[in-house]
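Undergrad: Okay, structure incoming, though there's no sequence with it:
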């Protein structure tokens, strides 16, 4: 499972690249960038239906706590050091922070 969530994000990156290639050359980079963060936000916040009680999040809040899972390493790759500098390691373990950062970067 430690490679599954980063693999999901890799797939969203690939899809964003494909979608970006469908646009005019002039709009390609901007549209691919938008698609990348739109798909990233969708993946991170997605939920599924379940009959059981408990979490129905695809990316569980606890998934962001484990450095060996490579999820945080993948997420860090979307941001510059300057964008992440103000957040300490404890803050980077919280799903809400990553959702906020992704949304802010998408909306730029």
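TA: Happy to help now that I have it. Small disclaimer: the values here were computed from a predicted structure and weren't measured.
Undergrad: element containing the residue nearest to the spatial centre of the chain?
TA: When Cα atoms, centre = their mean is applied to the chain, the residue found nearest the centroid is residue 40 (4.0 Å). In this structure, residue 40 sits in helix 28-45 according to DSSP states H and E.
Undergrad: Quick check: buried residues in that helix?
TA: Along helix 28-45, the positions that meet the burial threshold by neighbour count (16 or more other Cβ atoms under 10 Å) are 31-32, 34-37, 39-41, 43-44. Any C-beta I mention is one placed from the backbone N, CA and C, and that applies to glycine too.
Undergrad: Switch those residues over to TSV; also include pLDDT and distance to residue 90.
TA: Converted to TSV, those look like this (pLDDT from 0 to 100; distance: Cβ to Cβ, whole Å):
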residue	pLDDT	distance to residue 90
31	82	36
32	83	33
34	86	31
35	87	31
36	89	27
37	91	24
39	89	28
40	90	23
41	91	23
43	87	24
44	88	19
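Undergrad: Which of those sits closest to residue 61?
TA: Nearest to residue 61 out of the buried residues of helix 28-45 is residue 44 (Cβ to Cβ; 10.9 Å).
Undergrad: Pull the contacting residues for the closest one.
TA: If you count contacts by Cβ atoms under 8 Å, 6 or more residues apart in numbering, residue 44 has them with 59, 95, 98-99, 102.
Undergrad: and if we set it to 7 Å?
TA: The neighbourhood of residue 44, defined by Cβ atoms under 7 Å, 6 or more residues apart in numbering, consists of 59, 98-99, 102.
Undergrad: looking at those, which has the most residues close by?
TA: With neighbours set by other Cβ atoms under 10 Å, the maximum within the contacts of residue 44 is found at residue 98, which has 25 neighbours.
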